[in-house]
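# model this:
(2 chains)
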Amino acid sequence: MLDIPIPVLLGQVTVGLVNGCFYAMLSLGLAIIFGLLNVINFAHGAVYMMGAFAACLAARWLGINYWMALIVVPLVVGAFGMLVERLLLRRLAGLDHLYSLLLTFGLALVLEGVFLDIYGSAGLSYSGPPQLNGLVDLGFTRLPLYRAWVVAVSLAVCIGIWLLIERTSLGANLRAGTENPRLVQALGINVPMMVTLTYGLGVGLAALAGVLAAPIYQVQPLMGSNLLIIAFAVVVIGGLGSTLGAILTGLALGVVEGLSKVFYPEISSTTVFIIMALVLLLRPAGLFGREA
Amino acid sequence: MSSPVLLSRTAFAKRGAHPIAQGPARREVLALDDLHAWYGESHILHGIRLSLAEGEVVSLLGRNGGGRTTTLRAIMGLVDRRTGSVRVSGIETVQMPPHRIARLGVGYCPEERGIFASLTCEENLRLPPSQAGGGMSVEEIYALLPNLAERRKTQGTRLSGGEQQMLAIARVLRTGSRLLLLDEISEGLAPVIVDRLLDLILRLKALSYTILLVEQNTHFVEGLADRHFVVERGQVVLHVTADELAASAELLERYIGL
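Numbering: from 1, shown residues only, chains lettered A, B, ... in the order given. Model (predicted):
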């Protein structure tokens, strides 16, 4: 059983880590949004897809290169998210979760439908930055340089956002707002503004993941749908609203999924959901959640 | 006619936290007029009328469910709907969102104290933004309440009940709020702690803070409040000044006795 060569094992671990980075970035955004807005953001996969498309289209139409896109696209798509919050989601504040869930789900269908109509299911291809062509030799395996870059950027961004939330006064506002937004507002903090910016941050994060993904995955309208389901599972396993939980669980599940491809490939796409079922049975609040 | 008033306001602003001269120059800090409030379909307040002058301490007495807590929440804009008039330092706030009301210098301590579990003691203290002019610095607060200084890195909800209550008050003092809305601050605390709270509020009174207190404990507000309002079924049913308190004991007992 365990006669699998170590390099193969470690190779799958690194591939899994790359996937895990995308899970972590998407789940982190979902967790932040759910924490403050109580919105289960089903549009998250669609904005990730928009991020990838925006990188392609910006390159075609405006000649914006990858490095610029990495900054511009999250800002533009994040601004789109803020508009959605201001014009649509805000009207549903205070109602049952179900309303905002349906709204964002519908929004995802509309966005995916529009992109399908224009670009078809095959989508576009995007070539990454030439500076990151080539391989890095890790000893046990050779990893494309671009994938190493993805891991580095995602980890830096996730750690940065975690520090922002846990260690700064801006983050203290967000943490307090997650507990009791009404009281936070009564203490003089502009909570409606904070809600808009937080949604923008979560959406921008998904768009950034989309730009990072564009050179490795096919840029097509449904690229976010599959990923989103896993990202939701990650949030549930990590514990609803726990930022650290979302990051660590995202990375860990990517690796576990990679490993399961070595040991029992048939089960690899189901692994995440088996783990989710187990966690829900044994620790319903999630691995990092606060038990009620 | 208006210039002497203006002068005295400016003089007060310059003197900051020192007691203001008594007399007609005491400006109105809070005025509720025909205030109605709703939670969903429930009509809780039915035309509350009261006003507080600068430096005054006023208590809201009455039975639970009479609308005292809702009065404070309605002042902050924390009810589902409100009508009538709520003027803070002469500014009409009935259409304003809560954060703008707070920034007019209204410090609110909710009944459940509202200390955040995911914030440390000091993060709780620094959470509300300071208003123009500012209030006590964190160092001044720690000098006033040394217990909090020792526990600055402690998770907010791990503080004792008394410490949490001190923190909830200190939190709004830091912003520079000069009008304090304090909801049942003595509730559920040991007598020693209640005495310390009383000392704190007396000190704030001496610094001419304007304070509206909701209290169950009549002993706590005796000798502290200048005036008392009894609130029942969403209306003010009795108004007693501190001098009349002893004479009205029987009447009060009828309203707030169990």
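
# just checking, what packs against the helix or strand harbouring A:V203?
Secondary-structure assignment from DSSP states H and E places A:V203 in helix A:191-213. Counting contacts by 3 or more C-beta pairs under 8 Å, 6 or more residues apart in numbering or on different chains; DSSP states H and E, helix A:191-213 is packed against helix A:6-37, helix A:44-57, helix A:66-87, helix A:145-167, helix A:169-179, helix A:181-186, helix A:223-238. Quick note: C-beta positions are derived from backbone N, CA and C, even for glycine.

# counting contacts, what elements does the fifth one pack onto?
So the one you mean is helix A:169-179. helix A:6-37, helix A:145-167, helix A:181-186, helix A:191-213, helix B:121-126.

# give me the pLDDT for A:I6.
Listed pLDDT for A:I6 reads 78.

# tell me the contacts of it?
A:F140 (C-beta atoms under 8 Å, 6 or more residues apart in numbering or on different chains).

# which bits of chain A sit near chain B?
A:169, A:172-173, A:175-176, A:178-180, A:182-192 (C-beta under 8 Å from any C-beta of the partner chain).

# tell me the buried residues within those.
Among those, those buried by neighbour count (16 or more other C-beta atoms under 10 Å in any protein chain shown) are A:172-173, A:175-176, A:178-180, A:182-192.

# returning to that earlier point: nearest to A:S100, out of the helices and strands packed on helix A:169-179?
helix A:6-37 (7.6 Å; C-beta to C-beta).

# so where is the chain shaky, pLDDT-wise?
Looking at chain A here, since you left the chain open. For chain A, the stretches with pLDDT under 70 are A:1-2, A:290-292.

# my question was about chain B, not that one.
B:1-25, B:132, B:258.

# what does it put close to chain A?
B:76-78, B:97-99, B:101-103, B:108, B:110, B:114, B:116-119, B:123-124, B:126-129, B:131, B:171-172, B:175.

# spatially nearest residue to residue 122 (excluding sequence neighbours)?
Just so you know, I chose chain A. A:Q220 (6.3 Å; C-beta to C-beta, 6 or more residues apart in numbering or on different chains).

# wait, chain B was what I had in mind.
B:E122 sits nearest to B:R152 (C-beta to C-beta, 6+ apart), 4.2 Å away.

# in terms of contact, does the one you found touch B:T120 like I think?
Yes - counting by C-beta atoms under 8 Å, B:R152 touches B:T120, with 6.8 Å between them.

# between the two, point out the one with more neighbours.
B:T120 (18 against 14; other C-beta atoms under 10 Å in any protein chain shown).

# next, the contact list for that one, please.
B:R152, B:K153, B:T154, B:Q155, B:G156.

# got a list of what B:F229 touches?
So B:F229 contacts B:L50, B:V58, B:S59, B:L60, B:L61, B:V236, B:L238, B:H239, B:V240 (C-beta under 8 Å, 6+ apart).

# just to be sure, the third one is in a helix?
No - read with DSSP: H, G, I helix; E, B strand; the rest coil, B:S59 is strand and lies in no helix.

# who does it bridge with?
B:L213, B:H228 (DSSP bridges).

# distance of it relative to chain A?
Separation of B:S59 from chain A (C-beta to the nearest C-beta, to the nearest Å): 21 Å.

# that residue and B:P191: what is the separation?
19 Å (C-beta to C-beta, to the nearest Å).

# if you count what's nearby, which of those two comes out ahead?
Per other C-beta under 10 Å, whichever of B:S59 and B:P191 has more neighbours is B:S59, with 26 against 8.

# pick the most buried one from the helices and strands packed on helix A:169-179.
helix A:191-213 (a mean of 25; mean count of other C-beta atoms under 10 Å in any protein chain shown).

# ok, the residue in the stretch 151-258 of chain B positioned nearest to chain A - contacts?
Going by C-beta to the nearest C-beta, chain A is nearest to B:T175 of the stretch 151-258 of chain B, at 6.4 Å. Applying C-beta under 8 Å, 6+ apart, we find B:T175 in contact with A:L187, A:G188, B:A102, B:G105, B:G107, B:P128, B:P129, B:S130, B:Q131, B:G135.

# ok, 7 Å please
Shown in contact with B:T175 (C-beta atoms under 7 Å, 6 or more residues apart in numbering or on different chains): A:G188, B:G107, B:P128, B:P129, B:S130, B:Q131, B:G135.

# show me where the stretch 51-200 of chain B has helices.
Counting by DSSP state H, counting those that start in this stretch, one finds helices in the stretch 51-200 of chain B at the ranges B:68-76, B:98-102, B:121-126, B:138-144, B:146-150, B:161-175, B:191-206.

# please identify the most buried of the ones you listed.
helix B:68-76 (a mean of 25).

# dump the residue contacts of residue 150.
By default, I'm working from chain A. Counted by C-beta under 7 Å, 6+ apart, A:V150 has contacts A:V18, A:C21, A:L212.

# give the contact list for the closest residue to it other than its chain neighbours.
Leaving aside its chain neighbours, A:V150 sits nearest to A:L212 (5.1 Å; criterion: C-beta to C-beta, 6+ apart). Contact partners of A:L212, counting by C-beta under 7 Å, 6+ apart, are A:V150, A:V153, A:S154.
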